[in-house]
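Enquirer: heads up, no residue letters with this:
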């Protein structure tokens, strides 16, 4: 059941992306030959006007086929004959719809939560004495943090939401001081040697509490926006690590890994509400990932096509379609190779996980 849900969600994410291209192409007057939900053999196909609408067997994506995407022709409504700004909007629209889906998903997720977490410190680990004083176990308090401080950054990593805090603390060294920037009393305060450690028995690095606000339409929207910014930031950092070779090859994952991750998020829960929250979280993270990745200036991706539009804008004339086509073909071959490697990684992980289980 978890795998079916995961495949369906992955299909929705890709279909929403393609719908962005489709609706903007239609609004721009570009001829759309076919809009398909799913891949593989056709189950249902209907033609309305000049466009075929099809539902296909495999719910793992979809596509929007436009006239003259990869070649020039005499049709005035082909993609390549459209005005440059219209083509650029159509190319960006897929990623934009992924971002919209991500934000809407986060709004639903926040709406299910009891309270909306912030990045403001509510208190520190400690004990209140009989005389009313407080003995703090939190070294972060002793080294500079205070109640109502709002995190701005930790060791240069921008803090938008608790997701960023968790990301930073995942590899935080408790034995050294950290540079922390907070907002205190409306002013930015820089602390150069903050140590995060709870000195109480069994203590950990997180030695402070976070203010949670009551759910209102405003706090839900604000909280969703903050988590959206965090996910965008973290995905960007991960892509940067991958492109610069800092990410271990074992960490590269493909569609099989994505489906497996969503499936595990659905299974490893104590109740339906928690399962739904985990699925919504993973859906938001993956759709934002898809949106950002597609905007990278890599041949074969929307970002690669957008790059050629920018070149055309500077040169004031387009690159020859056959030359651009060769570049995109090379990019697609490279991406296909990466996908095969990522899928191989995913299968190895599944086999290893099965043996360990």
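Expert: Perfect, thanks for sending it. As the structure is a prediction and not an experimental result, all values here were calculated from the model.

Enquirer: tell me where the stretch 51-200 of the chain has helices.
Expert: 84-112, 139-142, 162-169 (DSSP state H, counting those that start in this stretch).

Enquirer: how about residues contacting the second one?
Expert: Contacts with helix 139-142, where a contact means Cβ atoms under 8 Å, 6 or more residues apart in numbering, come from 124, 126, 136, 194, 195, 196, 197, 198, 199, 207, 208. In this view, the C-beta of every residue, glycine as well, is placed from N, C-alpha and C.

Enquirer: low-confidence stretches in the stretch 151-300 of the chain?
Expert: 201-202, 241-270 (pLDDT under 70).

Enquirer: 50 - rerun?
Expert: Nowhere does the stretch 151-300 of the chain drop to pLDDT under 50.

Enquirer: which residues in it form strands?
Expert: Secondary structure of the stretch 151-300 of the chain (DSSP state E, counting those that start in this stretch): strands at 157-158, 178-184, 187-194, 208-214.

Enquirer: ok, now which ones touch residue 14?
Expert: Residues 60, 61, 62, 290 are the ones in contact with residue 14 under the rule Cβ under 8 Å, 6+ apart.

Enquirer: actually residue 8, sorry about that
Expert: Contacts of residue 8 by Cβ under 8 Å, 6+ apart are residue 59.

Enquirer: secondary structure element holding it?
Expert: helix 2-27 (DSSP states H and E).

Enquirer: relative to helix 84-112, how tilted is that helix?
Expert: Here helix 2-27 runs at an angle of 140 degrees relative to helix 84-112 (axes from the mean of the first three to the mean of the last three Cα atoms, to 10 degrees).

Enquirer: buried residues in helix 2-27?
Expert: Neighbour counts using 16 or more other Cβ atoms under 10 Å place 2, 5-7, 9-26 of helix 2-27 among the buried residues.

Enquirer: then stretch 135-151?
Expert: Buried, per 16+ other Cβ under 10 Å, within stretch 135-151: 136, 137, 138, 139, 140, 141, 143, 144, 145, 149, 151.

Enquirer: next, format these as a markdown table and append distance to residue 166.
Expert: Shown next, in a markdown table, are the buried residues of stretch 135-151 (distance: Cβ to Cβ, whole Å):
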| residue | distance to residue 166 |
| --- | --- |
| 136 | 23 |
| 137 | 21 |
| 138 | 18 |
| 139 | 19 |
| 140 | 16 |
| 141 | 20 |
| 143 | 21 |
| 144 | 21 |
| 145 | 17 |
| 149 | 18 |
| 151 | 12 |
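
Enquirer: who's in contact with the residue positioned nearest the centre of the chain?
Expert: Note on the chain: the residue nearest the mean C-alpha position is residue 288, at 2.8 Å, using Cα atoms, centre = their mean. With contact set as Cβ under 8 Å, 6+ apart, residue 288 has these partners: 98, 99, 102, 228, 231, 232, 235.

Enquirer: next one: it relative to residue 224, how far apart?
Expert: Applying Cβ to Cβ, to the nearest Å, the value for residue 288 to residue 224 is 12 Å.

Enquirer: which non-adjacent residue is nearest residue 43?
Expert: Leaving aside its sequence neighbours, residue 43 sits nearest to residue 55 (Cβ to Cβ, 6 or more residues apart in numbering; 4.9 Å).

Enquirer: what does residue 182 give?
Expert: residue 149 (4.1 Å).

Enquirer: is it true that the one you found touches residue 184?
Expert: Yes. Residue 149 is within contact range of residue 184, at 5.3 Å (criterion: Cβ atoms under 8 Å).

Enquirer: just the pLDDT for the spatially closest residue to residue 325 that is not a sequence neighbour.
Expert: Of all residues not flanking residue 325 in the chain, residue 70 sits nearest, at 5.5 Å (Cβ to Cβ, 6+ apart). Note on residue 70: pLDDT of 75.

Enquirer: isn't residue 70 right up against residue 326?
Expert: No. Residue 70 is not in contact with residue 326 according to Cβ under 8 Å; the separation is 10.8 Å.

Enquirer: and the closest residue in space to residue 176 that isn't next to it in sequence, what is it in contact with?
Expert: Leaving aside its chain neighbours, residue 176 sits nearest to residue 195 (7.4 Å; criterion: Cβ to Cβ, 6+ apart). Going by Cβ under 8 Å, 6+ apart, residue 195 touches 139, 140, 142, 143, 174, 175, 176, 177, 178.

Enquirer: buried sites along stretch 92-104?
Expert: For stretch 92-104, by 16+ other Cβ under 10 Å, it's 92, 93, 94, 95, 97, 98, 99, 101, 102, 103.

Enquirer: three-state assignment of residue 331?
Expert: helix (DSSP: H, G, I helix; E, B strand; the rest coil).

Enquirer: give me the number of residues near the residue nearest to it when sequence neighbours are not counted?
Expert: If the residues on either side of it in the chain are set aside, residue 331 comes closest to residue 299, at 2.6 Å by Cβ to Cβ, 6+ apart. Other residues lying near residue 299 total 21 when counted by other Cβ atoms under 10 Å.

Enquirer: same question, residue 322
Expert: Residue 322 has 10 neighbours, counted by other Cβ under 10 Å.
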